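Peer 1: here is my input; please provide its structure:
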Amino acid sequence: MPYPLSADPISVSRWIGYSQFLNHCGSERRALTEQFPSPDHVLDAPASVPLASWRSEIMRGSKRDYSCPPDSWVMTMTDDLYSPLLGECDDAPSVLFGRGDYSQLNKPAISIVGSRRPSLDGRLLAQRFAYELASAGFVIVSGLATGIDAAAHRGALEAAGHTVAVVATGIDTTYPAVNRTLSEAIVENGALLSQFVPGSAPKRHHFPRRNRTISGLSLATLVIEAGLPSGTLITATAAAEQGRDVFVLPWSVRHQAGRGCLKLLMEGALLATTPEDVIRGVNWHRPLAIGHASSTHVSVSGGDGTLPRTTSQTALLEALGDGSHSSDDIARLLSLDIAEVHRDLVKLEIDGQVMRHDSGCWIRA
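Peer 2: Predicted coordinates:
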C-alpha cells in the first residue's frame, strides 16, 4: 500500500532522501527497492549492511522542512498498487509521489498528448476524444500542460470519468500555474502523479522523463496534433519503444501544426479518425458508451498561405488550423476583442491567407 505523506513533514523529507539515492542506482534500483521498500527499512537495517550512503541521504533530508498537500502519498515500484504497465518498462521510476486516487494507476488507460498551442480544431478534438474514451471506461493520462493536455483532462472530467496528470514538477507545485484549478479537479476525480520529489521545479530535462512515464502508464498513446519539431514526438517514440500502440490523427499536408502527426503516420503509427478506432485498436471489449464519435473527424481542407506579419495574426492562423470557424469562436479561444479579430481577418483575407464561406465562417486559403 502507498504511504501517506500529508501528516508528517519528517516523513516527507526522509522519502525525498530515499528517492534521491535510488535515482543514482541504475539497474540496482529494483533489487534495492524490493529489499528496502521504505526509508524506515533502510534506517532499521542491521549496522553490518553497507547502507551508510543511503542512510546519510535519508537523514540529510530529515533536516529539511518539507510538506505536501492533502491526500498526498508515495509508493515504490515494488508496491502491489504500482502500475503493472509502467512496471514493465526498464526505466520505470523507483518512487512515485502522488495525490488523489492511486487505484486509477491499475485501470486501463489511454494517454492523449499534443501541442501546447493547438488549433481550435485540435483543442476540440482532444476534448471530444477524451470524453468518449473516458465514457468507454478508460482512464485518460496526460501531462497537465496547456493546450492538448489540458483539453484532454477536461474532456475526461466532463464525461464524469477519471484522468491522471503526470507532472514534471513535485506534487506540491502546479505548472503551469494557470492550470491550478484544473489540477485540483483532477485530484478529486483521478490522480496527480510525479516521479520527482516534492519541491522540484519544472526543469527542462524533467519533461522527456515525464513523457516516458505518461506513455508507460498507458495501453496506447493518442497524438492529437503535433508540429515539427515537437516534444509530443518524444512521448510517441517512448510509447513505441515500450511496445505500446501509437494512434495519430491525420491532418492536411498544408497544416503546419499537424506535420508531426503525418511524420508519425509515415513511420508506421496507427491512423485514428474516431474514438472507436482507438478502442478497437487496443482490443477493449467493454460495451462502447460513445454518443458523438460518428461526427468526430479531422477536416482536411485548408492551405499554408504565407507567414503573417503580426503576433496576433500568427495566433489567429494557428487557431484556424484546418477547420472552418466563426470570428466569435476565434475571439473566444484567443481571448481577443472581436473588433481586433475582424481587423486581422480582413487583413489576412486581403493578403490571400484566409477566406470566408457564405456561412460567415473562416478557413485558411
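Peer 1: surely Gly199 is within a strand?
Peer 2: No - using DSSP: H, G, I helix; E, B strand; the rest coil, the secondary structure at Gly199 is coil, not a strand.
Peer 1: next up, phi/psi of it, please.
Peer 2: Here is the backbone geometry of Gly199 (degrees, to the nearest 10): phi 90, psi -10.
Peer 1: quick one: mean pLDDT over whichever strand or helix holds Arg210.
Peer 2: Secondary structure from DSSP states H and E places Arg210 in helix 206-216. For helix 206-216, mean pLDDT is 96.
Peer 1: and that helix, what's buried?
Peer 2: Across helix 206-216, burial judged by 16 or more other CB atoms under 10 Å covers His206, Phe207, Arg209, Arg210, Asn211, Arg212, Thr213, Ile214, Ser215, Gly216. For glycine as for every other residue, the C-beta is placed from the backbone atoms N, C-alpha and C.
Peer 1: try stretch 314-333
Peer 2: Here stretch 314-333 shows 315-325, 327, 329-331, 333 as buried, counting by 16+ other CB under 10 Å.
Peer 1: from the chain's centroid, how far away is that stretch?
Peer 2: 24 Å (CA atoms, centre = their mean, to the nearest Å).
Peer 1: so what does the worst-scoring helix or strand of the chain on mean pLDDT touch, helix or strand wise?
Peer 2: Using mean pLDDT, DSSP states H and E, the weakest-scoring helix or strand in the chain turns out to be helix 338-350, at a mean of 78. If you count contacts as 3 or more CB pairs under 8 Å, 6 or more residues apart in numbering; DSSP states H and E, helix 338-350 packs onto helix 311-320, helix 327-334, strand 354-356.
Peer 1: where does the stretch 1-150 of the chain dip in pLDDT?
Peer 2: Low-confidence segments of the stretch 1-150 of the chain (pLDDT under 70): 6-7, 48, 61-65.
Peer 1: all the strands of it, in order from the start?
Peer 2: With DSSP state E, counting those that start in this stretch as the criterion, the stretch 1-150 of the chain has strands at 3-4, 72-76, 95-100, 109-113, 139-142.
Peer 1: reformat those strands into CSV and put distance to Gly190 and mean neighbour count next to each item.
Peer 2: Shown next, in CSV, are the strands of the stretch 1-150 of the chain (distance: least, CB to CB, whole Å; neighbours: other CB atoms under 10 Å):
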stretch, distance to Gly190, mean neighbour count
strand 3-4, 18, 15
strand 72-76, 14, 23
strand 95-100, 6, 26
strand 109-113, 10, 30
strand 139-142, 7, 30
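Peer 1: how about those in TSV, adding distance to Ser38?
Peer 2: Shown next, in TSV, are the strands of the stretch 1-150 of the chain (distance: least, CB to CB, whole Å):
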stretch	distance to Ser38
strand 3-4	7
strand 72-76	7
strand 95-100	10
strand 109-113	26
strand 139-142	26
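Peer 1: so which of these is nearest Val248?
Peer 2: strand 109-113 (10.5 Å; CB to CB).
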